[in-house]
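Visitor: got a sequence here, can you build the structure:
(2 chains)
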Amino acid sequence: MKRPVRLEPGQKLVLTANRLLDGRTVWWCADGAWDLHIGRAALLDADEAEAVLARVAGEAQRDGVVGVYDTAVQAAVPPEPVTVREKIRAHGPTVHPEFAVETEQ
Amino acid sequence: MSIPVGHYQYDRIDRDFLQARIAEFEGQVQRRLDGTLSEDEFKPLRLMNGLYLQLHAYMLRVAIPYGILDSRQLRKLGEIARRYDRDYGHFTTRQNIQFNWIRLEDTPAILRELAEVDMHAIQTSGNCIRNVTADEYAGAAADELVDPRVHAEILRQWSTLHPEFTFLPRKFKIAISGSPNDRVAARFHDIGILARPGEDGAPVFRIFVGGGLGRTPVIGEELFDSVREEHLLATLEAILRVYNAHGRRDNIYKARIKILVQAIGVEAYREAVEAELAQMDLERYRLTPEAVAAIRSRFAVPLLEAPADADAVLAQQRREDPLFDRWVRSNTHVHRDPGHIIATISLKPAGGIPGDATSAQIARLADLADAYSFGEIRITHLQNVVLGHVRKDRLRDLWLGLSEVGLAEANIGLIGDIVACPGLDYCALANARSIPIAQKLGARFADTALQAEIGALRINISGCINACGHHHAGHIGLLGVDKRGEEFFQLTVGGRAENGAAIGTILGAALPEDETVDAIARLVDCYLGRRESGETFLDTLTRLGHEPFREAAYETV
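Guide: Just a heads-up that it's a prediction; the model follows:
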């Protein structure tokens, strides 16, 4: 059974995965699409995330994504991941600013 | 097509095998894309073909057997970087190259392009025998006793798709050298092999087992002192069989051969190997002189001709050009032929990313290899490039050519020659970023005159305990750790992978990332202030002990 997520005040959960075709990091949006930009990710409360995660993970093959999981973010605009790892996934490698996800359409 | 200098020439059987393997993988990719294969089912298949899924994209690790390739192969790697990746590649501590931005659907096409130049990505991942590494100066160095490349090729052929060893408890790494000066970290490999001539002139092999880094660093122990050439494969087969039968499979962290050797002791391991050998059909595994000669015949030998005054020309050029002289001091090694010299090309520009090269640099390296070193290139386990056979009177022209593409850094073996894993900027396993701290250190010690003054000092950086940056073996080692979401670095000192292999000692509590570079600078200052004439960092550390360095590193903490 999945461990209950403990969020700090001001934090929400987002769902993330990698795209099957090219491995790119993507974020789950409220309309069911997956997007490169975390700014478009749906923000979920802890009590709803588990059910949404189970449903979305079950549709991963249809949606062309791999390894769906949830991660905590500061619920700002745009949301900012809490951990260094997820920040790097969201924005791109810190050593190549020219590869910043923000520069991609 | 002429036979390449430095590595084995494929034949039709090798090429047919690669095509069959690509067709097989292409079918697997197609079944993954259409959903016939789940990710859990596909993952071990893609890993067997060198394809990882990292933080931002797929990563393809391409094998460079014993670290040697020819200019057309290197050119192809540059083309792949440009066409399928983001215009660069990353050379690894296993003498391979990684591409960090690969699309799954492109992978069969990339593998086809690699096969055009007799390359592949097989066994660069997974619980199998990985790319066999060898001395980067093989067949060239004056201090070499036996050229290890022919036996490295024999090991490659023996280990490729070996039916018994495709599903080992864990990955398995072998290194081989034929020099009394260990340049392959033999004591930090699952099996380390040091070749030397036997009494009859045929090579004999000293074999170490159970070395490794990772979360349990262990220095390998000698299993046999003098294995004869004819019994090399049988002996390795027996070592692997004992590991395959008795290595732990219940715990991924306890599954390497080092854990088994530590658990039962090297004497018991030796007895088990000897018992296995006693019941093997040794004739089947016998490595005959004819078989060795057949492999050797597939390697071209460079025609080493140089003008009588080549050495004098180089000496004159060094006197006239101090910058060139500094590069020659740090970046060359004595060749077995007096008219030639070995040049090591640093992939560690000050403030740059260790081991990275752009497609333009890769293409230029291929051109320079053609012009100056028989079209042969070696990749080192320290993430640099070697041209093994450069005529002394042409070395300066090579250096000028390297300068044009930013590859003339004079820092081999010095503090700027930093080894670093990809770290958390790319790697799904990492806890901290390795590259930014390497860049900061490289920038801090950018002055090559200062680097020369500091002398031999290796820094190795790993972004997690898996130790791909070999931090345990660094004279100064950095291990990235995550403390409540923040990056910290644990410092070790006194590690070494060369002769007298040692595991670095932890200096103290991990430091915040933004304090780490200053701490290392203080540590280096401590050495410079207290060293005696002629001492290296390791000499001073050995004489004084760790305490002065610990005090220096933690001075303001």
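Visitor: mind checking the SS state of the residue of the stretch 251-400 of chain B found nearest chain A?
Guide: The stretch 251-400 of chain B approaches chain A most closely through residue B:353 (6.0 Å), counting by C-beta to the nearest C-beta. Where you see a C-beta, it was placed from the backbone N, CA and C, and this is true even at glycine. Assigned state for residue B:353: coil (three-state reduction, DSSP: H, G, I helix; E, B strand; the rest coil).
Visitor: can you pull the pLDDT of the nearest residue to residue B:214 once chain neighbours are set aside?
Guide: Excluding the flanking residues, the one nearest residue B:214 by C-beta to C-beta, 6 or more residues apart in numbering or on different chains is residue B:467, at 5.0 Å. pLDDT, the model's per-residue confidence, is 95 for residue B:467.
Visitor: distance check, the spatially most central residue of chain A against chain B.
Guide: A centroid search over chain A (C-alpha atoms, centre = their mean) returns residue A:16, at 3.0 Å, as the residue closest to the centre. Distance, residue A:16 to chain B, using C-beta to the nearest C-beta, to the nearest Å: 11 Å.
Visitor: pLDDT (mean, whole number) over the helix or strand that residue falls within?
Guide: Element membership of residue A:16 [criterion: DSSP states H and E] is strand A:11-19. Mean pLDDT, strand A:11-19: 98.
Visitor: quick one: list the elements packing against that strand.
Guide: Strand A:11-19 sits against strand A:25-28, helix A:46-58, strand A:65-74, with contacts defined as 3 or more C-beta pairs under 8 Å, 6 or more residues apart in numbering or on different chains; DSSP states H and E.
Visitor: near chain B at all, the last one?
Guide: Yes: taking C-beta under 8 Å from any C-beta of the partner chain as the criterion, strand A:65-74 and chain B are in contact, through A:66-67.
Visitor: which of the helices and strands packed on strand A:11-19 sits closest to residue B:74?
Guide: strand A:25-28 (30.8 Å; C-beta to C-beta).
Visitor: and what about residue A:42, helix, strand or coil?
Guide: Judged by three-state DSSP, the three-state class of residue A:42 is coil.
Visitor: how many residues are close by the residue nearest to residue B:214?
Guide: The tally of other residues near residue B:467 (other C-beta atoms under 10 Å in any protein chain shown) stands at 23.
Visitor: now do residue B:190
Guide: Close neighbours of residue B:190, defined as other C-beta under 10 Å, add up to 26.
Visitor: isn't the residue nearest to residue B:214 up against residue B:188?
Guide: No: taking C-beta atoms under 8 Å as the definition, residue B:467 is not a contact partner of residue B:188, at 9.5 Å.
Visitor: quick check: neighbours shared by those two?
Guide: Both residue B:467 and residue B:188 are contacted by B:213, B:217, under the criterion C-beta atoms under 8 Å, 6 or more residues apart in numbering or on different chains.
Visitor: roughly how far apart are the residue positioned nearest the centre of chain B and residue B:131?
Guide: Residue closest to the mean C-alpha point of chain B, counted by C-alpha atoms, centre = their mean, is residue B:381 at 2.1 Å. From residue B:381 across to residue B:131, the span is 10 Å (C-beta to C-beta, to the nearest Å).
Visitor: now for the two: what residues contact both?
Guide: Common neighbours of residue B:381 and residue B:131, counting by C-beta under 8 Å, 6+ apart, are B:94-95.
Visitor: pLDDT below threshold where in chain A?
Guide: Along chain A, the parts satisfying pLDDT under 70 run over A:1-5.
Visitor: now residue B:21. Nearest residue, chain neighbours left out?
Guide: Once flanking residues are discounted, residue B:21 sits nearest to residue B:122: 6.6 Å by C-beta to C-beta, 6+ apart.
Visitor: next, count neighbours for the one you found.
Guide: 21.
Visitor: around chain A, which positions in the stretch 251-400 of chain B sit nearby?
Guide: Residues of the stretch 251-400 of chain B lying near chain A (C-beta under 8 Å from any C-beta): residue B:353.
Visitor: tell me where the stretch 251-400 of chain B has helices.
Guide: Counting by DSSP state H, counting those that start in this stretch, the segments of the stretch 251-400 of chain B that form helices are B:257-264, B:266-278, B:282-285, B:289-296, B:310-320, B:322-331, B:359-372, B:395-404.
Visitor: who are the packing partners of the last one?
Guide: When you say that, I think you mean helix B:395-404. helix B:310-320, helix B:322-331, strand B:340-345, helix B:359-372.
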